[in-house]
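Visitor: Any chance you can model this:
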Amino acid sequence: MKRVHVEHLAKRPKEDEPKAKSELSANGTRTLNENERERRSNLVKRVHVEHLAKRPKEDEPKTK
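Guide: Prediction:
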């Protein structure tokens, strides 16, 4: 039996969906694919900022 990751199942297009999405977003200027790209980029930036916030600052003494 072939195992499939959950992410792959979620990303797999449904039978009734068109292969390429060419609909306009709510603001009518971008395709859904462009909005998804921007959403992912924003998520990466947010995670990076959260990571930097958790790092100890260089002027603080290190705890043992």
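Visitor: where are the low-confidence patches of the chain?
Guide: Residues of the chain meeting the criterion pLDDT under 70: 1-32, 59-64.
Visitor: can you do 90?
Guide: 1-40, 48-64 (pLDDT under 90).
Visitor: just checking, what's the longest helix in it?
Guide: Longest helix of the chain, by residue count under DSSP state H: helix 32-54.
Visitor: is it fair to say Lys57 lies in a strand?
Guide: No - Lys57 is assigned coil when assessed by DSSP: H, G, I helix; E, B strand; the rest coil, not a strand.
Visitor: Check the gap between it and Val44 for me.
Guide: According to C-beta to C-beta, to the nearest Å, Lys57 stands 23 Å off from Val44. (Glycine included, C-beta is placed from N, CA and C.)
Visitor: Would you mind telling me which of these two has the busier surroundings?
Guide: The neighbour comparison of Lys57 against Val44 (other C-beta atoms under 10 Å) goes to Val44, with 10 against 5.
Visitor: Tell me the helices and strands packed up against the longest helix of the chain.
Guide: The contact analysis (3 or more C-beta pairs under 8 Å, 6 or more residues apart in numbering; DSSP states H and E) places helix 32-54 against no helix or strand.
Visitor: Pull out the buried residues from that helix.
Guide: Neighbour-count burial for helix 32-54, with 16 or more other C-beta atoms under 10 Å as criterion, is recorded at Asn35.
Visitor: hey, C-alpha coordinates of it in CSV?
Guide: C-alpha atoms of helix 32-54 as CSV (Å, rounded to 0.1, in the frame of the first residue of the first chain):
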residue,chain,number,x,y,z
LEU,A,32,-5.2,33.1,-6.9
ASN,A,33,-1.8,31.6,-7.6
GLU,A,34,-0.1,35.0,-7.1
ASN,A,35,-2.1,35.6,-3.8
GLU,A,36,-1.0,32.1,-2.6
ARG,A,37,2.7,33.0,-3.4
GLU,A,38,2.4,36.2,-1.5
ARG,A,39,0.7,34.5,1.5
ARG,A,40,3.5,31.9,1.7
SER,A,41,6.2,34.6,1.4
ASN,A,42,4.5,36.5,4.3
LEU,A,43,4.4,33.4,6.4
VAL,A,44,8.1,32.8,5.9
LYS,A,45,8.9,36.4,6.8
ARG,A,46,6.7,36.1,10.0
VAL,A,47,8.4,32.8,11.1
HIS,A,48,11.8,34.4,10.5
VAL,A,49,10.9,37.4,12.6
GLU,A,50,9.5,35.1,15.4
HIS,A,51,12.8,33.1,15.3
LEU,A,52,14.9,36.3,15.6
ALA,A,53,12.8,37.4,18.5
LYS,A,54,13.5,34.2,20.4
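Visitor: Sounds good, over and out.
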